[in-house]
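Novice: Whatever this is, show me its structure:
(chains A, B, C and D)
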There are 2 protein chains.
Amino acid sequence: MARPRTQGPQTREKILDVALELFVQYGYDKTSLRDIAERLGITKAALYYYFERKEDILMELHLRLHAMGSEVLDELEAVPDGPARIAAFPAMLERLVVTMVGNRQLILLHRRNQSALEALHSDERNRVENEDLQRRLVRILSSEEISLTLRVRVACAIGAITETFFESGDAFGDVEPEELADLVRDVISDLLGSQLAAAAPRL
Amino acid sequence: MARPRTQGPQTREKILDVALELFVQYGYDKTSLRDIAERLGITKAALYYYFERKEDILMELHLRLHAMGSEVLDELEAVPDGPARIAAFPAMLERLVVTMVGNRQLILLHRRNQSALEALHSDERNRVENEDLQRRLVRILSSEEISLTLRVRVACAIGAITETFFESGDAFGDVEPEELADLVRDVISDLLGSQLAAAAPRL
DNA sequence: GTCTATATTTCGATAGAC
DNA sequence: GTCTATCGAAATATAGAC
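Specialist: Next comes the predicted model:
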């Protein structure tokens, strides 16, 4: 709290790094700007040079995950609903595995701060142009072109991924990530295999 | 705000009902005691007749879910680790399905307020004697008596349940709960079937 | 770009009357 | 058992110097 730093533009990234870590560990609401500033060796006021509001820090972190999730969903939504999209599910789930494994912290931020993030969205200042990812997924899973059985199984596959890598991830801490990922891939195959064959025999 | 009510002891339950609803909808941190009181037509101060601290309201709601979850885990932990416990997994998962379907709001409270609930635990005032449910589950899934494949599949089954009924539940809003539950049961069978046979051929 | 100092607001919690 | 009134703490945010 003594000396100025004149750190240049990478300070903004450092703020986001520290904020992500603290938001995941203690939660957005229980992390004060003072906590973030102290960890960085600057003062609360300095944060306001980079972010107008505390919410903007959360928002920027949210947008990074949102961008990644959007890529996955964009690709899926580009395929017409029906058999073609069914055939595209495995690739989507594979991307999901890779994305989730490679972005643990951002995923945890969302899983542990759901209400804070939802409050962001309903805030008119932070009007998010895009539809929420979860809502887009729900729409995809609501398709009337796809059998209920398959829709449920795709949902189950997603749940399998998140549970294995996050909620119960601690149980597999000493397993190689790739080995774990392969086991989850087997699960996904088991869940969708027969259904894909039944739904699109010619693909 | 105007008239006293002299409501008797059911007021405490009403407070918990309203709090649960608001905590789920807006999150624990963004729900003030004033919000709860106004919804009930009483004042903030009246709440303190029933609960010493705001945290105590959350704690009581938490304990209700904890009790239910403990029943399920107690039963599983009563079975010795190894083949016998493996054989007990399907019954545990079935209880989980029933419990989750029958206690939507309480489950949502936990899923949407993870960090607030974790803060409760580390608070010495609210020292929870029991180990956290998630930690107990992780321990069960960390068993060295069970193949990694099966451990992962049990985790996946749990994820399948939660994703279908909660995260992506909106996609199945117009499906009969029992039909949905049956589809999830099929998924669980597919996930564990071959593994159970391989692990405990004589059971 | 960071500081000190302070304004502003919100909220949990308490005191004491009825 | 509920109220009015108020306290005290904490946190976000701002003003202005350096």
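Novice: Near A:M100, how many other residues are there?
Specialist: By the criterion of other C-beta atoms under 10 Å in any protein chain shown, A:M100 has 21 neighbours. No exception for glycine: its C-beta is placed from N, CA and C like everyone else's.
Novice: Ok, the one 5 residues further on next?
Specialist: Residue crowding around A:Q105 was assessed by other C-beta under 10 Å; the count is 13.
Novice: From the contact counts, what lies against the helix or strand where it lies?
Specialist: Taking DSSP states H and E as the criterion, A:Q105 maps to helix A:104-112. Under the contact criterion of 3 or more C-beta pairs under 8 Å, 6 or more residues apart in numbering or on different chains; DSSP states H and E, helix A:104-112 touches helix A:10-26, helix A:54-78, helix B:114-122.
Novice: Grab the nearest non-local neighbour of the residue nearest the centre of chain A.
Specialist: Centroid check for chain A by C-alpha atoms, centre = their mean gives A:I107 as the closest residue, at 4.2 Å. Nearest non-adjacent residue to A:I107, counting by C-beta to C-beta, 6 or more residues apart in numbering or on different chains: A:M100, 5.6 Å away.
Novice: A:D123 now?
Specialist: Nearest-residue entry for A:D123: A:E55, 7.0 Å, with adjacent residues in sequence omitted and distances by C-beta to C-beta, 6+ apart.
Novice: which bits of chain A sit near DNA strand D?
Specialist: Residues of chain A lying close to DNA strand D by C-beta under 7 Å from any atom of the strand are A:31-34, A:44-45, A:48, A:52-55.
Novice: Pick out whichever of those sits closest to DNA strand C.
Specialist: A:A45 (3.1 Å; C-beta to the nearest atom of the strand).
Novice: Measure how far the host helix or strand of the closest one is from the centre of its chain, please.
Specialist: Assigned by DSSP H and E, A:A45 falls within helix A:44-50. A distance of 27 Å separates the centroid of the chain from that of helix A:44-50, by C-alpha atoms, centre = their mean, to the nearest Å.
Novice: between the helices and strands packed on helix A:104-112, which one is nearest to DNA strand C?
Specialist: Taking C-beta to the nearest atom of the strand, helix A:10-26 is the member of those nearest to DNA strand C, at 4.7 Å.
Novice: which other helices and strands contact that closest one?
Specialist: Applying 3+ C-beta pairs under 8 Å, 6+ apart, one finds that helix A:10-26 makes contact with helix A:33-40, helix A:44-50, helix A:54-78, helix A:104-112.
Novice: and the gap between the residue nearest to A:D123 and B:V98?
Specialist: A:E55 is 40 Å from B:V98, where distance means C-beta to C-beta, to the nearest Å.
Novice: Then A:L141?
Specialist: Counting by C-beta to C-beta - A:L141 and B:V98 are separated by 23 Å.
Novice: and those two? which has more neighbours close in?
Specialist: A:L141 (22 against 12).
Novice: ok, now which ones touch the more buried one?
Specialist: Contacts for A:L141 (C-beta atoms under 8 Å, 6 or more residues apart in numbering or on different chains) come out as A:151, A:154-155, B:168, B:171-172.
Novice: and the helix holding A:Q105, how far out from the chain's middle?
Specialist: On C-alpha atoms, centre = their mean, the centre of helix A:104-112 falls 6 Å from that of its chain.
Novice: Compute the mean per-residue pLDDT across that helix, please.
Specialist: Mean per-residue pLDDT for helix A:104-112: 97.
Novice: contacting residues around A:V154?
Specialist: By C-beta under 8 Å, 6+ apart, the contact list for A:V154 reads A:89, A:93, A:141, A:192.
Novice: C-terminal to the strand or helix carrying it, what's the next element?
Specialist: Assigned by DSSP H and E, A:V154 belongs to helix A:148-162. Helices and strands here follow DSSP H and E; after helix A:148-162, the next one along the chain is helix A:177-199.
Novice: Return the angle between stretch directions for that next one and helix B:177-199.
Specialist: 120 degrees (axes from the mean of the first three to the mean of the last three C-alpha atoms, to 10 degrees).
Novice: Which strands or helices does helix A:177-199 pack on?
Specialist: By 3+ C-beta pairs under 8 Å, 6+ apart, helix A:177-199 packs against helix A:83-102, helix A:148-162, helix B:148-162, helix B:177-199.
Novice: Serialize those to TSV and add fields for distance to A:L76.
Specialist: Output for the helices and strands packed on helix A:177-199, formatted as TSV (distance: least, C-beta to C-beta, whole Å):
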stretch	distance to A:L76
helix A:83-102	5
helix A:148-162	10
helix B:148-162	20
helix B:177-199	21
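Novice: I'd like to know which of the ones you listed lies nearest to DNA strand C.
Specialist: Distance to DNA strand C, taken as C-beta to the nearest atom of the strand, is lowest for helix B:148-162 among these, at 28.2 Å.
Novice: the inter-axis angle of that closest one versus helix A:177-199?
Specialist: Going by the same axes, to 10 degrees, helix B:148-162 makes 60 degrees with helix A:177-199.
Novice: For helix B:148-162, buried residues please.
Specialist: By neighbour count with 16 or more other C-beta atoms under 10 Å in any protein chain shown, helix B:148-162 contains the buried residues B:148, B:150-162.
Novice: which among those gets closest to chain A?
Specialist: Comparing the buried residues of helix B:148-162 against chain A with C-beta to the nearest C-beta places B:G159 closest, at 2.6 Å.
Novice: ok, that closest one - contacts?
Specialist: A:156, A:159-164, A:167-168.
Novice: That one - nearest residue in space that isn't next to it in sequence?
Specialist: A:E163 (2.6 Å).
Novice: Isn't that neighbour up against B:I158?
Specialist: Yes. Between A:E163 and B:I158 there is a contact at 5.4 Å, judged by C-beta atoms under 8 Å.
Novice: before we move on, the earlier item: how about the helices and strands packed on helix A:104-112 in TSV, adding distance to A:E38 and mean neighbour count?
Specialist: As requested, the helices and strands packed on helix A:104-112 are exported to TSV (distance: least, C-beta to C-beta, whole Å; neighbours: other C-beta atoms under 10 Å in any protein chain shown):
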stretch	distance to A:E38	mean neighbour count
helix A:10-26	10	17
helix A:54-78	15	17
helix B:114-122	19	19
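Novice: No further questions, thank you.
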